[in-house]
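Asks: After the sequence you'll find the predicted model.
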Amino acid sequence: MSVEGKGYRMAMLAVKNEADALDIVQDTMIKLATSYGQLAETGEQEQWRPLFYKILQNTILDFHRKSSRIKRWFVGSKPAANDEIDDDNELDNLSLNVEYSPEEYLQQRQMGEQALQTVDALPVKQQQCFLLRCWEGFSVQETAQMMNISEGSVKTHYHRALQKLQEALNEKA
């Protein structure tokens, strides 16, 4: 999957709205291209991936800040019915090409749904730390730089996210 696709999934989990997630990824790509386009000329393309995620994190945080200001003014507004995430499509896209018996498939699918629901319910910083560290495989140092927080904060947020995920999966088992 492309970096943009992974970024979209991260944004989707963070904002829970397809249009907003697409806007966030588009804004991220535009900011990356306009601010760091010179990296293509210097041959430093390996820096694009961490820069993309750093810009994505900042754009997600900006979205949440803006949303919280709007919610203060327009309390009680509910999302439209078409703003919901299609969990079935999301889980199908995450599935691997592995043969399971019907029982194993159902169990794996239920565990996947539980894991996604748990990740979805995490606070934004824990969610983003988990996604960058676990899904994207960034180091503590890289994650701290991308999120503009200390390495200790990354470790704390990541540990708390893992604890919540483990608790949720243990409850299901």
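Replies: Arrived safely.

Asks: Packing partners of the longest helix along the chain?
Replies: Ranked by number of residues, the top helix in the chain under DSSP state H is helix 48-73. Counting contacts by 3 or more CB pairs under 8 Å, 6 or more residues apart in numbering; DSSP states H and E, helix 48-73 is packed against helix 3-15, helix 18-36, helix 124-130, helix 140-147. Glycine gets a C-beta too; all of them are placed from N, C-alpha and C.

Asks: Comparing those helices, which comes out most buried?
Replies: Comparing these by mean neighbour count (mean count of other CB atoms under 10 Å), helix 124-130 comes out on top with a mean of 22.

Asks: list the helices and strands it packs on?
Replies: Using 3+ CB pairs under 8 Å, 6+ apart, helix 124-130 is in contact with helix 3-15, helix 48-73, helix 102-121, helix 140-147, helix 151-172.

Asks: With distance to residue 24 and mean pLDDT as extra columns, can I get those in TSV?
Replies: As requested, the helices and strands packed on helix 124-130 are exported to TSV (distance: least, CB to CB, whole Å; pLDDT from 0 to 100):
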stretch	distance to residue 24	mean pLDDT
helix 3-15	4	87
helix 48-73	5	79
helix 102-121	16	80
helix 140-147	15	90
helix 151-172	20	88
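
Asks: Can you say which of those helices is nearest to residue 134?
Replies: Proximity to residue 134 (CB to CB) singles out helix 151-172 among these, at 7.8 Å.

Asks: So which bits of the closest one are buried?
Replies: 153, 154, 157, 158, 160, 161, 164, 165, 168 (16 or more other CB atoms under 10 Å).

Asks: coming back round to it: which one of the helices and strands packed on helix 48-73 lies nearest to residue 109?
Replies: Closest approach to residue 109 among those is made by helix 3-15 (17.7 Å; CB to CB).

Asks: Quick check: which helices or strands does that closest one pack against?
Replies: Judged by 3+ CB pairs under 8 Å, 6+ apart, the packing partners of helix 3-15 are helix 18-36, helix 48-73, helix 102-121, helix 124-130.
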